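**Student:** following is a predicted model, sequence given first.
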Amino acid sequence: MVSEGKLSGRQRRKNTSLQGKIFKLWEAYESGELSVNGLLRKCRKATPRTRSATTNKLLPSPRVVSNVIHKAGEAMEKESNLSYMIMQMGQFLSHDFIMTKSFTNDDETPLECCGDDKECSECFPISIPAGDTMNTTCLSFARSKSVFDCDGIRQQLNGQSSYLDLSCLYGTDEDAANELRLFKGGELNVSSTNNLPPDMDDSTCELEGSYDEAYNYCPMSGDPRVNENAGLSAFHTLLHRAHNIFARGLAFVNPHWKDEELFQNARKILVGIWQKIVYGDYLPLIVGEQAMKSHNINISPDGYKETYNVNTDATVTNEGGIAFRFGHSNIHRMMVLQDQDYKLSMTPEPLQLSYFKCKWYHAFNGRGHEDVLRWTADAACPRSDRLLEPSVQQTLFEDGRGISSDLAALNIQSHPF
(Lines give C-alpha, C1' and ligand atoms only; values in the text may rest on other atoms or scores of the structure.)
Protein backbone atom coordinates (compact mmCIF):
# COMPACT_ATOMS: atom_id res chain seq x y z
CA MET A 1 0.00 0.00 0.00
CA VAL A 2 1.25 3.48 -0.89
CA SER A 3 0.85 6.39 1.50
CA GLU A 4 -1.01 9.53 0.37
CA GLY A 5 2.21 11.58 0.44
CA LYS A 6 3.93 9.28 -2.09
CA LEU A 7 1.17 9.40 -4.70
CA SER A 8 1.91 11.03 -8.06
CA GLY A 9 -0.20 13.92 -9.22
CA ARG A 10 -2.19 11.64 -11.54
CA GLN A 11 -2.69 9.07 -8.79
CA ARG A 12 -3.75 11.78 -6.35
CA ARG A 13 -6.33 13.16 -8.80
CA LYS A 14 -7.67 9.64 -9.42
CA ASN A 15 -7.83 8.97 -5.71
CA THR A 16 -9.64 12.26 -5.05
CA SER A 17 -12.17 11.44 -7.77
CA LEU A 18 -12.84 8.00 -6.30
CA GLN A 19 -13.18 9.44 -2.81
CA GLY A 20 -15.70 11.94 -4.13
CA LYS A 21 -17.76 9.13 -5.64
CA ILE A 22 -17.62 7.18 -2.39
CA PHE A 23 -18.74 10.18 -0.33
CA LYS A 24 -21.68 10.78 -2.67
CA LEU A 25 -22.71 7.14 -2.47
CA TRP A 26 -22.44 7.20 1.31
CA GLU A 27 -24.62 10.32 1.50
CA ALA A 28 -27.23 8.53 -0.65
CA TYR A 29 -27.11 5.55 1.72
CA GLU A 30 -27.47 7.71 4.84
CA SER A 31 -30.40 9.59 3.31
CA GLY A 32 -32.20 6.33 2.55
CA GLU A 33 -31.91 6.63 -1.24
CA LEU A 34 -29.71 3.52 -1.36
CA SER A 35 -30.07 0.26 0.56
CA VAL A 36 -27.03 -1.62 1.86
CA ASN A 37 -27.07 -3.90 -1.18
CA GLY A 38 -27.63 -0.94 -3.46
CA LEU A 39 -24.59 0.77 -1.98
CA LEU A 40 -22.45 -2.30 -2.49
CA ARG A 41 -23.65 -2.75 -6.08
CA LYS A 42 -22.63 0.80 -6.89
CA CYS A 43 -19.20 0.26 -5.31
CA ARG A 44 -18.00 -2.23 -7.87
CA LYS A 45 -16.17 -2.17 -11.15
CA ALA A 46 -16.21 -4.53 -14.13
CA THR A 47 -17.95 -7.81 -14.72
CA PRO A 48 -16.36 -11.25 -14.35
CA ARG A 49 -14.29 -12.49 -17.27
CA THR A 50 -16.04 -15.06 -19.45
CA ARG A 51 -13.56 -15.33 -22.33
CA SER A 52 -10.04 -16.65 -22.70
CA ALA A 53 -7.34 -14.01 -22.22
CA THR A 54 -5.34 -15.53 -25.11
CA THR A 55 -7.87 -16.75 -27.70
CA ASN A 56 -10.92 -14.66 -26.74
CA LYS A 57 -13.03 -17.82 -26.94
CA LEU A 58 -15.79 -18.36 -24.40
CA LEU A 59 -14.56 -20.16 -21.32
CA PRO A 60 -16.12 -23.61 -20.71
CA SER A 61 -18.72 -24.06 -18.01
CA PRO A 62 -17.11 -24.52 -14.59
CA ARG A 63 -19.20 -27.67 -14.24
CA VAL A 64 -17.55 -29.15 -17.35
CA VAL A 65 -14.11 -28.32 -15.97
CA SER A 66 -15.07 -29.80 -12.62
CA ASN A 67 -16.19 -33.09 -14.16
CA VAL A 68 -13.01 -33.41 -16.23
CA ILE A 69 -10.48 -32.27 -13.64
CA HIS A 70 -11.96 -32.72 -10.17
CA LYS A 71 -14.34 -35.68 -10.27
CA ALA A 72 -13.17 -38.48 -7.96
CA GLY A 73 -13.24 -42.14 -8.89
CA GLU A 74 -15.01 -45.08 -7.28
CA ALA A 75 -12.31 -45.61 -4.65
CA MET A 76 -11.37 -42.83 -2.24
CA GLU A 77 -7.61 -42.30 -2.06
CA LYS A 78 -6.31 -41.62 1.46
CA GLU A 79 -3.35 -40.00 3.16
CA SER A 80 -0.99 -42.49 4.82
CA ASN A 81 -0.07 -40.41 7.86
CA LEU A 82 -2.85 -37.87 8.43
CA SER A 83 -6.17 -38.37 10.20
CA TYR A 84 -9.43 -36.79 9.08
CA MET A 85 -8.98 -34.29 11.91
CA ILE A 86 -6.64 -32.37 9.59
CA MET A 87 -9.63 -31.53 7.39
CA GLN A 88 -11.90 -30.63 10.31
CA MET A 89 -9.21 -28.46 11.84
CA GLY A 90 -8.70 -26.74 8.49
CA GLN A 91 -12.39 -26.02 8.01
CA PHE A 92 -12.75 -24.49 11.46
CA LEU A 93 -9.55 -22.50 10.91
CA SER A 94 -10.77 -21.09 7.59
CA HIS A 95 -14.04 -20.06 9.24
CA ASP A 96 -12.03 -18.20 11.87
CA PHE A 97 -10.52 -15.76 9.38
CA ILE A 98 -12.70 -15.87 6.23
CA MET A 99 -16.42 -15.51 5.57
CA THR A 100 -17.36 -14.36 2.09
CA LYS A 101 -20.93 -13.12 1.85
CA SER A 102 -22.80 -13.12 -1.43
CA PHE A 103 -25.12 -10.43 -2.75
CA THR A 104 -28.76 -10.90 -1.77
CA ASN A 105 -32.03 -9.12 -2.35
CA ASP A 106 -32.68 -6.06 -0.21
CA ASP A 107 -34.67 -8.22 2.22
CA GLU A 108 -31.60 -10.51 2.60
CA THR A 109 -33.22 -13.42 0.72
CA PRO A 110 -30.89 -15.22 -1.73
CA LEU A 111 -30.81 -14.10 -5.34
CA GLU A 112 -32.52 -16.58 -7.68
CA CYS A 113 -29.91 -16.33 -10.41
CA CYS A 114 -31.48 -19.13 -12.47
CA GLY A 115 -34.94 -17.63 -12.06
CA ASP A 116 -36.49 -14.29 -11.20
CA ASP A 117 -33.17 -12.52 -10.57
CA LYS A 118 -31.23 -13.84 -13.57
CA GLU A 119 -30.93 -10.33 -15.06
CA CYS A 120 -29.40 -8.93 -11.87
CA SER A 121 -25.87 -7.61 -12.44
CA GLU A 122 -24.66 -9.52 -9.38
CA CYS A 123 -25.78 -12.88 -10.78
CA PHE A 124 -23.24 -15.13 -12.49
CA PRO A 125 -25.02 -18.50 -12.86
CA ILE A 126 -23.30 -21.73 -13.90
CA SER A 127 -24.67 -23.57 -16.94
CA ILE A 128 -25.03 -27.35 -16.66
CA PRO A 129 -24.40 -29.28 -19.89
CA ALA A 130 -26.93 -31.70 -21.35
CA GLY A 131 -26.58 -35.23 -20.07
CA ASP A 132 -25.06 -34.16 -16.75
CA THR A 133 -26.01 -36.19 -13.67
CA MET A 134 -27.29 -33.05 -11.93
CA ASN A 135 -31.05 -32.67 -11.96
CA THR A 136 -30.94 -29.14 -13.37
CA THR A 137 -29.61 -27.06 -16.26
CA CYS A 138 -28.42 -24.12 -14.16
CA LEU A 139 -26.71 -23.54 -10.80
CA SER A 140 -27.58 -20.26 -9.14
CA PHE A 141 -24.51 -18.21 -8.27
CA ALA A 142 -24.47 -14.71 -6.76
CA ARG A 143 -21.24 -12.72 -6.74
CA SER A 144 -19.45 -11.83 -3.51
CA LYS A 145 -20.27 -8.57 -1.77
CA SER A 146 -17.54 -6.09 -2.60
CA VAL A 147 -16.36 -2.51 -2.89
CA PHE A 148 -13.71 -0.92 -5.10
CA ASP A 149 -10.33 0.11 -3.75
CA CYS A 150 -8.40 3.31 -4.50
CA ASP A 151 -7.30 1.87 -7.84
CA GLY A 152 -10.88 1.15 -8.85
CA ILE A 153 -10.39 -2.61 -8.46
CA ARG A 154 -13.27 -4.67 -7.11
CA GLN A 155 -12.35 -6.23 -3.77
CA GLN A 156 -14.40 -8.80 -1.86
CA LEU A 157 -15.58 -8.06 1.68
CA ASN A 158 -14.59 -10.36 4.53
CA GLY A 159 -17.24 -11.04 7.17
CA GLN A 160 -14.63 -12.23 9.67
CA SER A 161 -11.87 -10.34 11.45
CA SER A 162 -8.93 -11.85 9.46
CA TYR A 163 -7.17 -12.65 12.76
CA LEU A 164 -6.87 -16.04 14.48
CA ASP A 165 -9.01 -14.79 17.35
CA LEU A 166 -11.75 -17.46 17.47
CA SER A 167 -14.29 -14.95 16.18
CA CYS A 168 -16.14 -17.95 14.74
CA LEU A 169 -16.61 -19.15 18.33
CA TYR A 170 -17.20 -15.86 20.15
CA GLY A 171 -18.87 -13.85 17.38
CA THR A 172 -17.64 -10.94 15.29
CA ASP A 173 -19.45 -8.17 17.17
CA GLU A 174 -20.62 -7.38 20.69
CA ASP A 175 -24.25 -8.33 20.06
CA ALA A 176 -23.28 -11.80 18.84
CA ALA A 177 -20.89 -12.25 21.75
CA ASN A 178 -23.50 -11.18 24.30
CA GLU A 179 -26.00 -13.68 22.94
CA LEU A 180 -23.51 -16.47 23.61
CA ARG A 181 -22.44 -15.35 27.08
CA LEU A 182 -23.93 -16.54 30.38
CA PHE A 183 -22.77 -13.36 32.17
CA LYS A 184 -22.01 -15.40 35.23
CA GLY A 185 -18.60 -16.71 36.20
CA GLY A 186 -17.14 -15.67 32.84
CA GLU A 187 -18.79 -18.64 31.12
CA LEU A 188 -20.53 -19.17 27.79
CA ASN A 189 -24.11 -20.40 27.62
CA VAL A 190 -24.63 -24.15 27.25
CA SER A 191 -27.61 -26.45 26.86
CA SER A 192 -28.91 -28.70 29.62
CA THR A 193 -26.61 -31.43 28.24
CA ASN A 194 -23.51 -29.16 28.31
CA ASN A 195 -23.56 -28.74 24.55
CA LEU A 196 -23.78 -25.65 22.37
CA PRO A 197 -26.78 -23.47 23.28
CA PRO A 198 -29.87 -23.55 21.06
CA ASP A 199 -30.39 -21.10 18.23
CA MET A 200 -33.90 -19.98 19.16
CA ASP A 201 -34.58 -18.88 15.57
CA ASP A 202 -33.57 -22.30 14.19
CA SER A 203 -31.82 -20.38 11.43
CA THR A 204 -28.61 -22.40 11.28
CA CYS A 205 -29.92 -25.90 10.52
CA GLU A 206 -32.90 -27.93 9.31
CA LEU A 207 -34.68 -29.60 12.22
CA GLU A 208 -36.10 -33.08 11.75
CA GLY A 209 -38.98 -33.68 14.14
CA SER A 210 -40.19 -31.53 17.03
CA TYR A 211 -37.99 -29.07 18.87
CA ASP A 212 -36.51 -30.35 22.12
CA GLU A 213 -34.40 -28.06 24.30
CA ALA A 214 -32.02 -30.90 25.16
CA TYR A 215 -31.89 -33.29 22.19
CA ASN A 216 -33.29 -31.64 19.07
CA TYR A 217 -32.42 -28.05 18.33
CA CYS A 218 -30.10 -26.06 16.08
CA PRO A 219 -26.81 -25.49 17.95
CA MET A 220 -25.61 -21.89 18.06
CA SER A 221 -22.07 -20.54 18.02
CA GLY A 222 -20.30 -17.41 16.82
CA ASP A 223 -20.54 -18.33 13.14
CA PRO A 224 -23.70 -19.08 11.11
CA ARG A 225 -21.93 -21.99 9.37
CA VAL A 226 -21.64 -23.94 12.62
CA ASN A 227 -24.07 -26.68 11.50
CA GLU A 228 -22.72 -27.18 7.99
CA ASN A 229 -21.73 -30.68 9.10
CA ALA A 230 -21.70 -32.60 12.38
CA GLY A 231 -17.90 -32.60 12.59
CA LEU A 232 -17.80 -28.80 12.45
CA SER A 233 -20.50 -28.52 15.14
CA ALA A 234 -18.52 -30.95 17.28
CA PHE A 235 -15.30 -28.92 16.89
CA HIS A 236 -17.17 -25.78 17.99
CA THR A 237 -18.45 -27.69 21.03
CA LEU A 238 -14.95 -28.84 21.96
CA LEU A 239 -13.64 -25.27 22.17
CA HIS A 240 -16.87 -23.91 23.67
CA ARG A 241 -16.52 -26.35 26.58
CA ALA A 242 -12.81 -25.53 26.90
CA HIS A 243 -13.64 -21.86 27.48
CA ASN A 244 -15.93 -22.74 30.37
CA ILE A 245 -13.34 -25.08 31.89
CA PHE A 246 -10.80 -22.24 31.87
CA ALA A 247 -13.33 -19.78 33.29
CA ARG A 248 -14.15 -22.10 36.19
CA GLY A 249 -10.45 -22.69 36.85
CA LEU A 250 -9.73 -18.96 36.90
CA ALA A 251 -12.68 -18.37 39.24
CA PHE A 252 -11.31 -21.00 41.63
CA VAL A 253 -7.89 -19.35 41.94
CA ASN A 254 -9.22 -15.78 41.65
CA PRO A 255 -12.50 -15.76 43.63
CA HIS A 256 -12.45 -11.93 43.70
CA TRP A 257 -12.64 -11.64 39.88
CA LYS A 258 -15.93 -10.55 38.35
CA ASP A 259 -17.61 -12.03 35.28
CA GLU A 260 -16.00 -9.73 32.71
CA GLU A 261 -12.47 -10.35 33.95
CA LEU A 262 -13.05 -14.10 34.04
CA PHE A 263 -14.56 -14.14 30.56
CA GLN A 264 -11.85 -12.06 28.90
CA ASN A 265 -9.00 -13.99 30.51
CA ALA A 266 -10.54 -17.38 29.69
CA ARG A 267 -10.95 -16.15 26.12
CA LYS A 268 -7.34 -14.92 26.02
CA ILE A 269 -6.03 -18.29 27.21
CA LEU A 270 -8.11 -20.24 24.69
CA VAL A 271 -7.11 -17.97 21.79
CA GLY A 272 -3.46 -18.39 22.78
CA ILE A 273 -3.78 -22.18 22.81
CA TRP A 274 -5.61 -22.04 19.47
CA GLN A 275 -2.85 -20.00 17.87
CA LYS A 276 -0.25 -22.40 19.24
CA ILE A 277 -2.09 -25.36 17.73
CA VAL A 278 -2.37 -23.60 14.35
CA TYR A 279 1.28 -22.53 14.11
CA GLY A 280 2.86 -25.29 16.13
CA ASP A 281 0.89 -28.36 15.05
CA TYR A 282 -1.32 -27.76 12.02
CA LEU A 283 0.71 -25.57 9.66
CA PRO A 284 3.94 -27.63 9.89
CA LEU A 285 1.94 -30.63 8.61
CA ILE A 286 0.54 -28.57 5.75
CA VAL A 287 3.49 -26.50 4.49
CA GLY A 288 6.44 -28.32 6.13
CA GLU A 289 8.98 -27.36 8.77
CA GLN A 290 11.34 -25.75 6.24
CA ALA A 291 8.67 -23.35 4.96
CA MET A 292 7.74 -22.46 8.53
CA LYS A 293 11.34 -21.49 9.27
CA SER A 294 11.99 -19.67 6.00
CA HIS A 295 8.93 -17.45 6.55
CA ASN A 296 9.77 -17.07 10.24
CA ILE A 297 6.37 -18.30 11.37
CA ASN A 298 7.64 -21.29 13.31
CA ILE A 299 7.19 -21.41 17.08
CA SER A 300 10.20 -21.15 19.38
CA PRO A 301 10.81 -24.30 21.46
CA ASP A 302 10.73 -22.13 24.59
CA GLY A 303 9.86 -18.56 25.45
CA TYR A 304 8.22 -16.42 22.78
CA LYS A 305 9.17 -14.52 19.63
CA GLU A 306 9.23 -10.75 19.21
CA THR A 307 7.90 -10.82 15.63
CA TYR A 308 4.55 -9.05 16.02
CA ASN A 309 4.38 -5.86 13.98
CA VAL A 310 1.47 -3.54 14.71
CA ASN A 311 1.93 -1.89 11.29
CA THR A 312 1.44 -5.11 9.31
CA ASP A 313 -1.84 -5.25 7.38
CA ALA A 314 -3.49 -8.48 8.50
CA THR A 315 -6.17 -8.40 5.79
CA VAL A 316 -6.64 -11.79 4.13
CA THR A 317 -5.71 -11.51 0.45
CA ASN A 318 -7.91 -12.99 -2.26
CA GLU A 319 -5.01 -15.26 -3.17
CA GLY A 320 -4.83 -16.51 0.42
CA GLY A 321 -8.52 -17.32 0.46
CA ILE A 322 -8.24 -19.18 -2.83
CA ALA A 323 -5.16 -21.16 -1.78
CA PHE A 324 -6.83 -22.35 1.42
CA ARG A 325 -9.45 -24.15 -0.62
CA PHE A 326 -6.92 -26.94 -1.13
CA GLY A 327 -8.65 -28.55 1.86
CA HIS A 328 -11.77 -29.24 -0.21
CA SER A 329 -10.02 -32.34 -1.56
CA ASN A 330 -9.73 -33.61 2.04
CA ILE A 331 -13.50 -33.74 2.60
CA HIS A 332 -14.78 -37.30 3.14
CA ARG A 333 -17.62 -38.85 1.19
CA MET A 334 -19.19 -40.44 4.29
CA MET A 335 -20.32 -39.56 7.82
CA VAL A 336 -19.35 -42.07 10.52
CA LEU A 337 -19.59 -42.19 14.32
CA GLN A 338 -17.46 -44.30 16.70
CA ASP A 339 -18.22 -45.09 20.34
CA GLN A 340 -15.80 -45.10 23.27
CA ASP A 341 -14.48 -48.50 22.19
CA TYR A 342 -13.84 -47.10 18.69
CA LYS A 343 -16.52 -49.32 17.22
CA LEU A 344 -19.09 -48.01 14.75
CA SER A 345 -22.08 -46.55 16.56
CA MET A 346 -24.05 -45.99 13.34
CA THR A 347 -24.26 -47.34 9.83
CA PRO A 348 -22.02 -45.07 7.72
CA GLU A 349 -24.08 -42.78 5.49
CA PRO A 350 -23.23 -40.39 2.64
CA LEU A 351 -22.11 -37.01 3.94
CA GLN A 352 -24.69 -35.12 1.90
CA LEU A 353 -27.48 -36.54 4.08
CA SER A 354 -26.24 -34.56 7.08
CA TYR A 355 -25.55 -31.10 5.66
CA PHE A 356 -27.10 -28.55 8.02
CA LYS A 357 -28.81 -31.37 9.93
CA CYS A 358 -28.31 -31.90 13.66
CA LYS A 359 -29.45 -35.51 14.15
CA TRP A 360 -25.94 -36.93 14.63
CA TYR A 361 -24.92 -34.03 16.86
CA HIS A 362 -27.71 -34.89 19.32
CA ALA A 363 -27.60 -38.70 18.88
CA PHE A 364 -27.04 -41.02 21.83
CA ASN A 365 -28.49 -38.68 24.46
CA GLY A 366 -26.55 -35.66 23.29
CA ARG A 367 -23.19 -37.40 22.92
CA GLY A 368 -23.27 -37.93 19.18
CA HIS A 369 -20.84 -35.11 18.50
CA GLU A 370 -18.28 -36.85 20.70
CA ASP A 371 -18.59 -39.96 18.54
CA VAL A 372 -18.12 -37.79 15.45
CA LEU A 373 -14.85 -36.35 16.79
CA ARG A 374 -13.65 -39.82 17.79
CA TRP A 375 -14.11 -41.03 14.22
CA THR A 376 -12.59 -37.83 12.84
CA ALA A 377 -9.43 -38.37 14.89
CA ASP A 378 -9.23 -42.08 13.97
CA ALA A 379 -10.10 -42.18 10.26
CA ALA A 380 -7.54 -41.61 7.51
CA CYS A 381 -7.89 -38.32 5.67
CA PRO A 382 -8.78 -38.30 1.96
CA ARG A 383 -5.71 -37.45 -0.09
CA SER A 384 -4.74 -33.85 -0.83
CA ASP A 385 -4.98 -33.75 -4.61
CA ARG A 386 -7.13 -32.26 -7.36
CA LEU A 387 -10.03 -34.69 -6.79
CA LEU A 388 -13.16 -33.86 -4.80
CA GLU A 389 -15.36 -36.60 -3.40
CA PRO A 390 -18.97 -37.03 -4.64
CA SER A 391 -20.27 -35.57 -1.37
CA VAL A 392 -19.07 -32.12 -2.47
CA GLN A 393 -18.54 -32.45 -6.24
CA GLN A 394 -21.83 -34.15 -7.13
CA THR A 395 -24.28 -33.86 -4.21
CA LEU A 396 -23.29 -30.73 -2.29
CA PHE A 397 -26.26 -29.40 -0.29
CA GLU A 398 -28.68 -31.69 -2.13
CA ASP A 399 -32.30 -30.72 -1.47
CA GLY A 400 -35.53 -32.68 -1.41
CA ARG A 401 -35.95 -32.22 -5.18
CA GLY A 402 -32.61 -33.91 -5.83
CA ILE A 403 -31.01 -30.62 -6.90
CA SER A 404 -27.50 -30.15 -5.58
CA SER A 405 -24.39 -28.09 -6.20
CA ASP A 406 -20.71 -28.64 -7.02
CA LEU A 407 -18.01 -27.18 -4.77
CA ALA A 408 -15.32 -27.36 -7.46
CA ALA A 409 -17.53 -25.51 -9.95
CA LEU A 410 -18.37 -22.88 -7.34
CA ASN A 411 -14.65 -22.39 -6.66
CA ILE A 412 -13.95 -21.93 -10.37
CA GLN A 413 -16.83 -19.53 -10.85
CA SER A 414 -15.66 -17.51 -7.83
CA HIS A 415 -12.21 -17.02 -9.33
CA PRO A 416 -12.33 -17.37 -13.14
CA PHE A 417 -8.69 -16.54 -13.84
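**Tutor:** Sure thing, it's come through.

**Student:** shaky segments in the stretch 1-150 of the chain?
**Tutor:** Within the stretch 1-150 of the chain, the stretches with pLDDT under 70 are 1-26, 29-30, 34, 36-46.

**Student:** just the helices in it please.
**Tutor:** Remark: helices assigned in the stretch 1-150 of the chain by DSSP state H, counting those that start in this stretch are 9-30, 36-42, 62-65, 85-97.

**Student:** from the contact counts, what lies against the third one?
**Tutor:** So the one you mean is helix 62-65. strand 126-127, helix 407-414 (3 or more C-beta pairs under 8 Å, 6 or more residues apart in numbering; DSSP states H and E). From N, CA and C alone the C-beta is placed, and that goes for glycine too.

**Student:** tell me the strands beside the first one, with direction?
**Tutor:** By that I understand strand 126-127. As defined by DSSP bridges, the strand partners of strand 126-127 come to strand 138-139 (antiparallel).

**Student:** how far is the strand it pairs with from where the chain is centred?
**Tutor:** 22 Å (C-alpha atoms, centre = their mean, to the nearest Å).

**Student:** what does that strand contact?
**Tutor:** Residues from elsewhere that reach strand 138-139, judged by C-beta atoms under 8 Å, 6 or more residues apart in numbering: 63, 113-114, 125-128, 405-406, 409-410.

**Student:** next one: stretch 287-299
**Tutor:** With C-beta under 8 Å, 6+ apart, stretch 287-299 has contacts from 276, 279-280, 283-284, 305, 307.

**Student:** mind listing what's buried in it?
**Tutor:** Residues of stretch 287-299 classed as buried: 292, 298-299 (neighbour count, 16 or more other C-beta atoms under 10 Å).

**Student:** in helices only, show me those.
**Tutor:** residue 292 (DSSP state H).

**Student:** which of the buried residues of stretch 287-299 lies closest to residue 180?
**Tutor:** Using C-beta to C-beta, residue 299 is the member of those that sits closest to residue 180, with 29.3 Å.

**Student:** longest helix in the protein, please.
**Tutor:** Max-length helix for the chain by DSSP H is helix 230-253.

**Student:** circling back to that earlier point, out of the contacts of stretch 287-299, which are inside helices?
**Tutor:** 276, 283-284.

**Student:** let's have the residues you listed in a markdown table, adding neighbour count.
**Tutor:** Formatted as a markdown table, those follow (neighbours: other C-beta atoms under 10 Å):
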| residue | neighbour count |
| --- | --- |
| 276 | 12 |
| 283 | 19 |
| 284 | 17 |
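
**Student:** output these as TSV; include the columns distance to residue 180.
**Tutor:** Output for the ones in helices among the contacts of stretch 287-299, formatted as TSV (distance: C-beta to C-beta, whole Å):
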residue	distance to residue 180
276	23
283	28
284	32
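
**Student:** can you redo the residues you listed as TSV with pLDDT?
**Tutor:** Shown next, in TSV, are the ones in helices among the contacts of stretch 287-299 (pLDDT from 0 to 100):
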residue	pLDDT
276	95
283	97
284	97
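
**Student:** closest one to residue 136 out of the residues you listed, please.
**Tutor:** For the ones in helices among the contacts of stretch 287-299, the nearest to residue 136 is residue 283 (38.9 Å; C-beta to C-beta).

**Student:** residues contacting that closest one?
**Tutor:** Here residue 283 is in contact with 292, 297 (C-beta under 8 Å, 6+ apart).

**Student:** distance of it from residue 410?
**Tutor:** Counting by C-beta to C-beta, to the nearest Å, the gap between residue 283 and residue 410 amounts to 26 Å.

**Student:** excluding chain neighbours, give the residue nearest to the spatially most central residue of the chain in space.
**Tutor:** For the chain, the residue nearest the mean C-alpha position is residue 95 (3.5 Å; C-alpha atoms, centre = their mean). Spatially, and ignoring its direct neighbours in sequence, residue 95 is nearest to residue 168 (4.4 Å; C-beta to C-beta, 6 or more residues apart in numbering).

**Student:** what's stretch 306-320 in contact with?
**Tutor:** With C-beta under 8 Å, 6+ apart as the test, stretch 306-320 has contacts from 1, 97-98, 155-156, 158, 162-163, 296, 415.

**Student:** scan this protein for its longest strand.
**Tutor:** strand 78-83 (DSSP state E).

**Student:** same for that strand, what does it pack against?
**Tutor:** Using 3+ C-beta pairs under 8 Å, 6+ apart, strand 78-83 sits against helix 368-378, strand 380-382.

**Student:** format those as CSV; extra columns: mean pLDDT.
**Tutor:** As requested, the helices and strands packed on strand 78-83 are exported to CSV (pLDDT from 0 to 100):
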stretch, mean pLDDT
helix 368-378, 97
strand 380-382, 97
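
**Student:** of the ones you listed, which is nearest residue 77?
**Tutor:** Between these, strand 380-382 lies closest to residue 77; by C-beta to C-beta that is 6.8 Å.

**Student:** show me where the protein has strands.
**Tutor:** 78-83, 126-127, 138-139, 146-148, 154-156, 334-335, 349-350, 380-382.

**Student:** mean neighbour count and distance to residue 239 added to these, as CSV?
**Tutor:** Supplementary listing: the strands of the chain in CSV, determined by neighbours: other C-beta atoms under 10 Å; distance: least, C-beta to C-beta, whole Å:
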stretch, mean neighbour count, distance to residue 239
strand 78-83, 13, 18
strand 126-127, 18, 35
strand 138-139, 19, 34
strand 146-148, 18, 31
strand 154-156, 17, 27
strand 334-335, 19, 21
strand 349-350, 14, 26
strand 380-382, 21, 21
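
**Student:** residue 112 reaches residue 119, doesn't it?
**Tutor:** No. Using C-beta atoms under 8 Å, residue 112 makes no contact with residue 119, being 10.9 Å away.

**Student:** the two: who's more crowded?
**Tutor:** Set residue 112 next to residue 119 and count neighbours by other C-beta atoms under 10 Å: residue 112 wins out with 15 against 7.
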